[in-house]
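*Asks:* with the input below, show me the fold.
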Amino acid sequence: MSDRVEVIDTHVHIVAQDEQAYPLNPAGLPGAWYREAPYSAEAFIDCMHDAGVDRAVLVQPVGAYSFDNRYTADSMQAHPGLFAGACCVDVNGPQPGAELRHWLQERGMQGVRLFALDLEGPGWLAEPVAQPLWECAAELGAHVIVTIFPHQFPQLRAMLQRYPQVRVSMDHCGFPPVNGPPWSDSAALTDLVEYDNLYLKVTSHVFHSVIDQGYHPSQWVQHLVSHFGADRLMWGSDFSQTHGAGYVELVVLAREAFAGLPAADRDLCMGGTAARLWPVLQPAAAVP
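*Replies:* Take a look at the predicted model:
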């Protein structure tokens, strides 16, 4: 039996081919990737085979479906052990806590994405309106994914303090500035290291931002590992929202970014950390 650590992609968005069963309901976010590169679950499985990726976390694509999580949930349930699933709930809906409980308990999803991006203000992450979601996640042991900008880190800090038992991962490392070594402009991110329930998703989006600044992603990875350790980092492709390059190329980019780490740390970043946070992905079953 192989002792190879499985590769897990922690940030994947899929789009159904059947628009009658799963009609698009765009949330008004920039871009139309869901029309430019609409990969279904089955098409993405083919990509996984080609790229040597074993399992993945399906993250509800708010841009494509808003808060209709049915396709993400259905795809996860159609391929047990291959996918984990993170839903999204309308925090301003009539009963957000009950809605989240539905997706976690009745539809079997394991996490919730708190898509709280706010271009200027603090957003709702730490507001009373979000309390039912945090309480439900804490009660049911769900993984929480936060999508925020650096100026919203104080709100995240407050929730990490209030819910130390909830394991939280931050999309795209929180979109930090990456203007080059010694990366002092990202101090607001590294200052969060004191909260050991926080994990970072190191994604293609971040890698491309580093490259655009004239640096290699491995330099950014080394910086993160020196602060957080590899056991709090995990790779995510952001496919197919990020689709300028093919999926194989995104996986190659990730392997190159983590290549300079010791083997044990590299394995954590490429799958080990994710397997610990998403236990449903732990069984060593073959990809169908």
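
*Asks:* where in the chain is pLDDT low?
*Replies:* By pLDDT under 70, the low-scoring segments of the chain are 1-3, 283-288.

*Asks:* redo that, cut-off 90
*Replies:* 1-5, 26-37, 242-245, 283-288 (pLDDT under 90).

*Asks:* helices of that one, start to end?
*Replies:* Taking DSSP state H, the helices of the chain run over residues 33-36, 41-51, 62-65, 70-78, 96-101, 131-140, 153-162, 187-190, 204-212, 217-228, 247-258, 263-267, 273-277.

*Asks:* once you drop chain neighbours, what's closest to Gly271?
*Replies:* Residue nearest to Gly271 in three dimensions, not counting chain neighbours: Ile8, with 4.2 Å by C-beta to C-beta, 6 or more residues apart in numbering. C-betas here are computed from N, CA, C, even on glycine.

*Asks:* surely the one you found and Val53 touch.
*Replies:* Yes. Contact criterion C-beta atoms under 8 Å: Ile8 and Val53 qualify, at 7.5 Å.

*Asks:* for those two, indicate the residue with more neighbours.
*Replies:* It is Val53, of Ile8 and Val53, that has more neighbours when counted by other C-beta atoms under 10 Å, with 27 against 24.

*Asks:* for the more buried one, give its distance to Phe239.
*Replies:* 10 Å (C-beta to C-beta, to the nearest Å).

*Asks:* overlap in contacts, those two.
*Replies:* Shared contacts of Val53 and Phe239, defined by C-beta atoms under 8 Å, 6 or more residues apart in numbering, are found at 9, 47.

*Asks:* and the residue nearest to Gly271, how far is that from Glu99?
*Replies:* 27 Å.

*Asks:* check Arg70 too.
*Replies:* As for Arg70, its distance to Glu99 is 13 Å (criterion: C-beta to C-beta).

*Asks:* for Asp50, same thing?
*Replies:* Taking C-beta to C-beta as the measure, Asp50 falls 36 Å from Glu99.

*Asks:* that older thread, of the helices of the chain, give the one that comes closest to Pro26.
*Replies:* Nearest of those to Pro26, taken as C-beta to C-beta: helix 62-65 at 6.2 Å.

*Asks:* helices or strands up against the closest one?
*Replies:* Helix 62-65 is packed against helix 33-36, with contacts defined by 3 or more C-beta pairs under 8 Å, 6 or more residues apart in numbering; DSSP states H and E.

*Asks:* hmm, who's touching the helix it packs on?
*Replies:* 13, 15, 24, 26, 61, 63-64, 240-243.

*Asks:* what residues sit buried inside it?
*Replies:* Within helix 33-36, the residues scored as buried using 16 or more other C-beta atoms under 10 Å are 33-34.

*Asks:* stretch 106-122: which residues count as buried?
*Replies:* Buried positions in stretch 106-122, judged by neighbour count with 16+ other C-beta under 10 Å: 107, 109-117, 122.

*Asks:* out of those residues, who's nearest Trp183?
*Replies:* Leu117 (22.5 Å).

*Asks:* what sits closest to the closest one if chain neighbours are left out?
*Replies:* Of all residues not flanking Leu117 in the chain, Thr147 sits nearest, at 5.6 Å (C-beta to C-beta, 6+ apart).

*Asks:* residue contacts, the one you found?
*Replies:* By C-beta under 8 Å, 6+ apart, Thr147 lies in contact with 113-117, 170-172.

*Asks:* possible to save these as a markdown table with distance to Pro38?
*Replies:* Shown next, in a markdown table, are these (distance: C-beta to C-beta, whole Å):
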| residue | distance to Pro38 |
| --- | --- |
| Arg113 | 20 |
| Leu114 | 25 |
| Phe115 | 20 |
| Ala116 | 26 |
| Leu117 | 23 |
| Met170 | 27 |
| Asp171 | 21 |
| His172 | 22 |
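
*Asks:* out of Arg70 and Glu99, which sits in the more crowded spot?
*Replies:* Neighbours were counted for Arg70 and for Glu99 using other C-beta under 10 Å; Glu99 has more, 22 against 15.

*Asks:* hmm, Ile145 is touching Val168, no?
*Replies:* Yes. Between Ile145 and Val168 there is a contact under C-beta under 8 Å: 7.5 Å.

*Asks:* mind jotting down where the strands sit in the stretch 51-200 of the chain?
*Replies:* Counting by DSSP state E, counting those that start in this stretch, the stretch 51-200 of the chain has strands at residues 55-59, 83-87, 111-115, 143-147, 168-170, 198-203.

*Asks:* for the longest one, enumerate the helices and strands it packs against.
*Replies:* Under the contact criterion of 3+ C-beta pairs under 8 Å, 6+ apart, strand 198-203 touches strand 8-12, strand 168-170, helix 217-228, strand 233-236.
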